[in-house]
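> My questions are about this predicted structure, shown below with the sequence.
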Amino acid sequence: MCFILCQTSVFSQARFNEISKAGQDDKLLSYGFFLAAHTNYFRLKYSDAFMDNTGNAANVESIVPVYTPGFSLGFLGILRLHDQLNLMFTPKIGFYEFKTDVNYFNTPTSNSGEINSAVRTETYISEATMVEFPLLFKYKAQRFNNSRMFFTAGGSMMFRTKEQEEADIEALVTTGRDFTLDVGIGFDMYFKYFKFSPEVRFSHGMMNLYRPETSNAGFRDLISDIRRKSITLYLHFQ
């Protein structure tokens, strides 16, 4: 009985320490695909007109972007520069929805002109399908058994598929192009037939997307700057 237990223990240790050859990192070029889920919102800045509390500003209590979920999918193209450094090109299609709550002061409720302190909220939604071209460096730690930690950093060009004329009918109007800076952290996990790499990535838009000339006249002068921000969970398969 003891002999059987010892044999089982030795076999288990061997299996645990077995190095998987799936998704070998010594290839010059390798490929894969990924699925991703993200939460995104507009980072918004008020204009000086909002602080004046006159005109439209007297009717608006606040403008609040809301975190909204979405998803994307794409392909991996990886160039090996070093055992611990790769260059990744990951073209993808992303499906985005941006929600913004505009809180308005209620109108007077009596002949005395008193204003109810409560506010009413109107939610404005901007939907966009984006074609994105991220180019990132991937720095990997030393491999330990069948896993290794990695960091990513780079940038991405984004193009909206919807024409600007169609976007101009929305209440809160943005332009169709952006450039983002991206940083992420994740793990490579090696299985028998493939490599699985979950990653969390943070993206910060660098361009002011706001188009006040075609936005809702009730609040358009109260905003000076809109930029995209997102947090994305990637599931890479290679």
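Received the coordinates, thanks.
> where does this structure have its least confident helix or strand?
helix 2-17 (a mean of 40; mean pLDDT, DSSP states H and E).
> Downstream of that helix, the next helix or strand is which one?
Using DSSP states H and E, the helix or strand that follows helix 2-17 in sequence is strand 29-46.
> Tell me the strands beside that following strand, with direction?
strand 68-82 (antiparallel), strand 223-237 (antiparallel) (DSSP bridges).
> which of those sits most buried?
Each of the strands paired with strand 29-46 was scored by mean neighbour count; the highest is strand 223-237, a mean of 18, by mean count of other Cβ atoms under 10 Å. All C-beta atoms are positioned from the backbone trio N, CA, C, and that covers glycine.
> What average pLDDT does that one get?
For strand 223-237, mean pLDDT rounds to 95.
> how about low-confidence regions in this structure?
1-18, 21-23, 107-117 (pLDDT under 70).
> ok, back up a step: make a markdown table from the strands paired with strand 29-46 and add distance to residue 45 to it.
A markdown table is the format used below for the strands paired with strand 29-46 (distance: least, Cβ to Cβ, whole Å):
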| stretch | distance to residue 45 |
| --- | --- |
| strand 68-82 | 19 |
| strand 223-237 | 4 |
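> report the longest strand in the protein, please.
Longest strand in the chain, counting residues (DSSP state E): strand 119-140.
> buried set for the host helix or strand of residue 158?
Assigned by DSSP H and E, residue 158 belongs to strand 147-160. Using 16 or more other Cβ atoms under 10 Å as the burial criterion, the residues of strand 147-160 that qualify are 148, 150, 152, 154, 156, 158, 160.
> Run the chain-centre distance for the next helix or strand after it.
Per DSSP H and E, the first helix or strand lying C-terminal to strand 147-160 is helix 164-167. Distance of helix 164-167 from the chain centroid (Cα atoms, centre = their mean, to the nearest Å) equals 23 Å.
> ok, now stretch 195-209?
Distance, centroid of stretch 195-209 to centroid of chain: 5 Å (Cα atoms, centre = their mean).
> swap in stretch 72-88?
With Cα atoms, centre = their mean, you get 19 Å for stretch 72-88.
> Restrict it to CA atoms and write it as CSV.
Extracted in CSV, the C-alpha atoms of stretch 72-88 (Å, rounded to 0.1, in the frame of the first residue of the first chain):
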residue,chain,number,x,y,z
SER,A,72,-14.8,43.2,-28.4
LEU,A,73,-13.0,40.4,-30.4
GLY,A,74,-9.9,40.2,-32.6
PHE,A,75,-6.7,38.5,-33.6
LEU,A,76,-3.1,38.3,-32.2
GLY,A,77,0.0,38.7,-34.2
ILE,A,78,3.2,38.4,-32.1
LEU,A,79,6.8,39.1,-33.1
ARG,A,80,9.4,37.6,-30.8
LEU,A,81,12.2,40.2,-30.0
HIS,A,82,13.6,38.3,-27.0
ASP,A,83,12.5,35.5,-24.8
GLN,A,84,11.1,38.1,-22.4
LEU,A,85,10.0,40.8,-24.9
ASN,A,86,7.4,40.6,-27.7
LEU,A,87,5.8,43.1,-30.1
MET,A,88,2.1,42.5,-30.3
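> Thanks again, I'm all set now.
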